[in-house]
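When you get a sec, could you give me coordinates for this:
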Amino acid sequence: MSHGSDDFTAKSLKGGIVEKIFDMARRQCGITFSVVFPRTDGWGHIDLRDAEQKTDFCRVIRQSKEGVKHCKMCHVLMSVAACSQGLTEQKCHAGATILVQPIEEGGEGGMAILTSCAFRHDEKAAAWKFVKQRGKQLGLEEEELKKAFLQLPDLDDARTHCLTEILPLAIAAIRELGQRMELENKLKECRASRGKLSAGEHLKQEFADVAENHDKSEGMPDIASMRGKKTPILIKVVCSMVRRRPQIPYTVEELATAARMTPNYFSSIFHKHTGQCFMDYLTDQRIERAQKLLADPSLNVSEVASMCGYDDPGYFTRRFKRKTGMTPRAWREKKG
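Have a look, this model is predicted:
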């Protein structure tokens, strides 16, 4: 889920299903989750735990700048390794046990969920020996460190099994959140593009793109010379543009002006070659896109309306029902 990872924040996780799943892991297993992910400017680390939920062990280890530095590097390395290995049980730089699950297995992004520190009961003595040595290297007080270490949860078989059941739920929720964030970004782009270029300017850009695919020596096709031909390039370009970008606020007047025609003449040749008036064709394309978007339960009707070129959800609902015989909500329930 590298897309939109720069927008991925603790705020985006709070208050939703992801936070509820994280809380379930804490209640059932005494373990908390954090998320490590790549950003364009480095690496991000999201930890939803409140201060009282964080283990004393991690707090003690991070008392030194060196401890903080190694914790961050350790989490990144474990996340990257998990992407090629799947769910793994790894040792952190301070000797504690951590379960690491990649968000997308087989990927190269490095995004993963990490559990908080724990220890294996049968490895407790050996683990403390390592932790004690590490504490000396970091300049930590041994008694305080040992007390914090003994408070770490025991990662026994029952607790491990519970975590392996919860982790896939957290991953699915984060993936869905990522997809929603991506759609929201596209929605913003759609709204922005609708405000930047008029329908006529879009049509001119479309013709410029067509011209690039023709021999430059031939020049741009003259619309007037297309009259009488079977399918004028104007009609092809307009239909293609509307199919790909039905959200643009098209008007016959703007399109006709861009094509150097009168609105009546544009409407006449459009109907002649498509069998529809332009606005009916536009409505068909918008409703067709709406039907596809309604399959995504993360989008509400208002968002679908906006992505299809309707600023008024009520008007969108009326147009959708006139075309399909059902409201958008009824369509979603039937198709879902």
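
Could you report the distance from the closest residue to Q285 other than its chain neighbours to L155?
Spatial nearest neighbour of Q285, chain neighbours left out: P246 (4.3 Å); criterion: C-beta to C-beta, 6 or more residues apart in numbering. All C-beta atoms are positioned from the backbone trio N, CA, C, and that covers glycine. Going from P246 to L155 by C-beta to C-beta, to the nearest Å gives 53 Å.

Of these two, give the one with the bigger neighbour count.
L155 (24 against 21; other C-beta atoms under 10 Å).

In this structure E142 contacts V131, no?
No - under the criterion of C-beta atoms under 8 Å, E142 is not in contact with V131, lying 9.7 Å apart.

Looking only at neighbour counts, state which of these two leads.
Each of E142 and V131 has its neighbours counted (other C-beta under 10 Å); V131 has more, 24 against 11.

quick one: low-confidence parts of the stretch 201-336 of the chain?
For the stretch 201-336 of the chain, the stretches with pLDDT under 70 are 201-231, 336.

hmm, back to that, so the residue nearest to Q285, which state does it fall into?
Put simply, P246 is coil when judged by DSSP: H, G, I helix; E, B strand; the rest coil.

what residues are up against it?
L282, Q285, R286, E288, R289, C308, G309 (C-beta atoms under 8 Å, 6 or more residues apart in numbering).

hang on, the first one packs against I248?
No - under the contact definition of C-beta under 8 Å, L282 does not touch I248, with a separation of 9.2 Å.

Where do the helices of the stretch 151-300 of the chain begin and end?
Using DSSP state H, counting those that start in this stretch, the helices of the stretch 151-300 of the chain run over residues 157-196, 199-212, 233-244, 252-258, 263-274, 278-293.

and the shortest one, what does it pack onto?
When contacts are defined as 3 or more C-beta pairs under 8 Å, 6 or more residues apart in numbering; DSSP states H and E, helix 252-258 packs onto helix 199-212, helix 263-274, helix 278-293.

just how off-centre is the helix or strand E89 falls within within its chain?
In this structure, E89 is located in strand 88-91 according to DSSP states H and E. Centroid separation for strand 88-91 versus its chain: 28 Å, with C-alpha atoms, centre = their mean, to the nearest Å.
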